[in-house]
Structures are given as C-alpha cells and as structure tokens.
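Visitor: pasting a predicted model and its sequence here:
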Amino acid sequence: QVQLVESGGGLVQAGHSLRLACEASGRTFRRANMAWFRQAPGKGREFVAGMDWIRSSTYYRDSVKGRFLISRDYAENTVSLQMNSLKPEDTAVYYCAANYRSGLSEKEGDYEYWGQGTQVTVSS
C-alpha cells in the first residue's frame, strides 16, 4: 500500500505561482511512476505532469508546458509541482498519483494510488 498526501493548494491571482507537494509513504517510492492530475468542476480528471522512475523523464500536457515543473526528492519521498504564470483555467482539484504496474501514463486508470486532492483556485 502507498499513502499519498498533497499539500500547497490555495487561492492566487492570475500570473502568480504555487507549489504543490505530495508526500508518499508505504511502498518503495523509488520505483513509482509519479504524476499529477487535475479535475475542474464539471469536467473529467486530466493528466497534468508526470515523471517516470527509471530515467526521471518528465512529461507535461501542452497547456502547462513552460509554466509547470514536476520534480521529486527521493530522500524525502516527495514529488512536487511548481506552477508558474497561473491562469484561471488552471483552477481545479489537483491529485497526486502513483503507478507501479506500467510505464508512465496519461491515463488515470493506470494509476493504483491516489491522494485526496488539493484545491487550486486562480482568480482573474
């Protein structure tokens, strides 16, 4: 079992930054493909950014490229999402997810473990 706990959400104005953190406990964190998803009101959950465990390669959805940065700290068992130049359309609940079964994926069904989510609200 893996427990994921997100933190760092909040209310910010457009153009500002937030940093989300996800602390993992339980199963070996080092071998987990980690990702951030988000779900806006009335919409499905979508992939935002991810990092695989083998090469630490990173992947982003097009709308956040150049603004968001995913990173992980193996010593602290954390994965972070630095979000810069935030836009109102980034408003959503952000979830941390872990995947041990397959390679890094953009499909939420491929992730076995999820955090409880943290709200990010960007005002215009």
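Guide: In hand now; what should we look at?
Visitor: spatially central residue in this structure, please.
Guide: By CA atoms, centre = their mean, the chain has its centre lying nearest to W36, at 2.0 Å.
Visitor: before we move on, what SS does the residue lying closest to that residue once chain neighbours are set aside have?
Guide: Setting aside the residues directly before and after it, W36 is nearest to V48 in space (CB to CB, 6 or more residues apart in numbering), at 4.5 Å. C-beta coordinates here come from the backbone N, C-alpha and C atoms, glycine included. Under DSSP: H, G, I helix; E, B strand; the rest coil, V48 falls in the strand class.
Visitor: number of residues surrounding V48?
Guide: Neighbourhood size, V48 [other CB atoms under 10 Å]: 24.
Visitor: swap in G15?
Guide: G15 has 11 neighbours, counted by other CB under 10 Å.
Visitor: angles on the backbone of it, please.
Guide: Note on G15: its backbone torsions stand at phi 90, psi -20 [degrees, to the nearest 10].
Visitor: give me the nearest residue to it, chain neighbours excluded.
Guide: S85 (6.1 Å).
Visitor: follow-up on the earlier one: so the residue nearest to the centre of the chain bridges to which residues?
Guide: Here W36 sits in beta bridges with A49, C96, going by DSSP bridges.
Visitor: per-residue confidence for it?
Guide: We have a pLDDT of 98 for W36.
Visitor: tell me who's in contact with it.
Guide: Counting by CB atoms under 8 Å, 6 or more residues apart in numbering, W36 touches 20, 22, 47-50, 70, 79, 81, 94-97.
Visitor: and which of those is nearest to E106?
Guide: Distance to E106, by CB to CB, is smallest for F47 among these, at 3.9 Å.
Visitor: and that closest one, what pLDDT?
Guide: 98.
Visitor: count the residues that sit near it.
Guide: For F47, the count of nearby residues is 20 (other CB under 10 Å).
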